[in-house]
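Novice: Whatever this is, show me its structure:
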Amino acid sequence: MQLFYNQYINASSDQFTFDKIESRHIVKVLRKNEGDILFITNGNSILFKAEILIANDKKCLVKIISEEIKKKSWDYNLHIAIAPTKNNDRLEWFLEKATEIGIDEITPIICDHSERKVIKKERLEKVLISAMKQSLKFQLPKFNDPMNVSTFIQGKNHGDLFIAHCEGDSKESLKSRLKQRQSLTILIGPEGDFSWKEIELAFKNNFTPVTLGSSRLRTETAGVAVAQSVAFFNQ
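Specialist: Numbering: from 1, shown residues only. Next comes the predicted model:
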């Protein structure tokens with residue numbers, strides 16, 4: 001199956017016209033013609049089956065034939081709040097792999113030691129969409145606006161709360177704190193780790209310190225390790 005995405009298609013749609021960029025990709029690159037079948041998701045757990053009515057490379061028109069609710073392939077809820085990496089490619093790599101594995105929500109957090117404090121959200125959302133389509137998932141992870149880590153820590157966070165940091169030794173392994181069908185939020189810090197002020201604030205707001213193993217991981221590697229650990233535990 002080749003999966004297409006559009007956020008505006010919904011259960012009440014009868015026909016739908018792709019924008020110029022997607023229309024050109026369908027007609028010119030993929031060489032789709034009238035009568036061909038496309039599979040489309042809106043990233044909100046619905047798979048639409050559609051037939052091409054007009055194969056125009058500027059306005060490709062399709063007719064919705066059927067729709068199907070597609071449940072998540074994972075039964076937990078994972079929210080990773082992660083500091084943007086200095087190298088933007090590494091952050092994109094994390095977003096791609098975490099989406100392929102299974103993640104529900106991502107929040108970029110700006111920390112005391114952050115080397116990157118500005119991100120191009122539109123570009124990163126495209127990475128998420130591409131990874132969702134490639135991995136044939138029908139749920140687009142929620143990608144929040146960047147926020148200061150202190151604001152995030154003191155906000156309304158749900159489920160079990162964890163902070164993965166490198167300071168001190170009195171930490172349990174994340175693996176030992178995982179549960180089936182768990183809702184969890186975990187903080188992943190920048191290359192220079194969280195400051196002690198941030199760690200102490202997390203403690204005061206019920207975040208449990210955890211370790212991801214004996215190796216010191218890059219920020220993006222730590223994020224993927226969390227996503228894979230939770231996925232593997234719930235298999």
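Novice: State the helix or strand in which Ser215 lies.
Specialist: Taking DSSP states H and E as the definition, one finds Ser215 inside no helix or strand.
Novice: How many residues are close by it?
Specialist: Neighbour count of Ser215, defined by other CB atoms under 10 Å: 9. From N, CA and C alone the C-beta is placed, and that goes for glycine too.
Novice: Can you check the pLDDT for it?
Specialist: Reading off the confidence values, Ser215 has pLDDT 85.
Novice: dump the residue contacts of the residue nearest the centre of the chain.
Specialist: Against the mean C-alpha coordinate of the chain, by CA atoms, centre = their mean, the closest residue is Pro141 at 3.9 Å. Pro141 makes contact with Ala98, Thr99, Ile103, Asp104, Glu105, Ile106, Leu128, Met132, according to CB atoms under 8 Å, 6 or more residues apart in numbering.
Novice: what about burial for these, which qualify?
Specialist: The neighbour count (16 or more other CB atoms under 10 Å) marks Ala98, Thr99, Ile103, Ile106, Leu128, Met132 as buried among the contacts of Pro141.
Novice: The fourth one touches Asn144, doesn't it?
Specialist: Right, the one you point to is Ile106. Yes - if you go by CB atoms under 8 Å, Ile106 and Asn144 touch, sitting 6.9 Å apart.
Novice: Quick check: Thr211 touching Glu172?
Specialist: Yes - between Thr211 and Glu172 there is a contact under CB under 8 Å: 7.2 Å.
Novice: Arg90 reaches Leu217, doesn't it?
Specialist: No - between Arg90 and Leu217 there is no contact under CB under 8 Å: 11.8 Å.
Novice: mind listing the strands for this structure?
Specialist: 3-5, 15-17, 37-41, 46-54, 61-69, 77-82, 105-110, 142-143, 147-148, 160-164, 172-173, 183-188, 208-211 (DSSP state E).
Novice: In a markdown table: the ones you listed, plus mean pLDDT.
Specialist: Formatted as a markdown table, the strands of the chain follow (pLDDT from 0 to 100):
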| stretch | mean pLDDT |
| --- | --- |
| strand 3-5 | 94 |
| strand 15-17 | 91 |
| strand 37-41 | 96 |
| strand 46-54 | 96 |
| strand 61-69 | 95 |
| strand 77-82 | 98 |
| strand 105-110 | 97 |
| strand 142-143 | 98 |
| strand 147-148 | 96 |
| strand 160-164 | 96 |
| strand 172-173 | 90 |
| strand 183-188 | 98 |
| strand 208-211 | 94 |
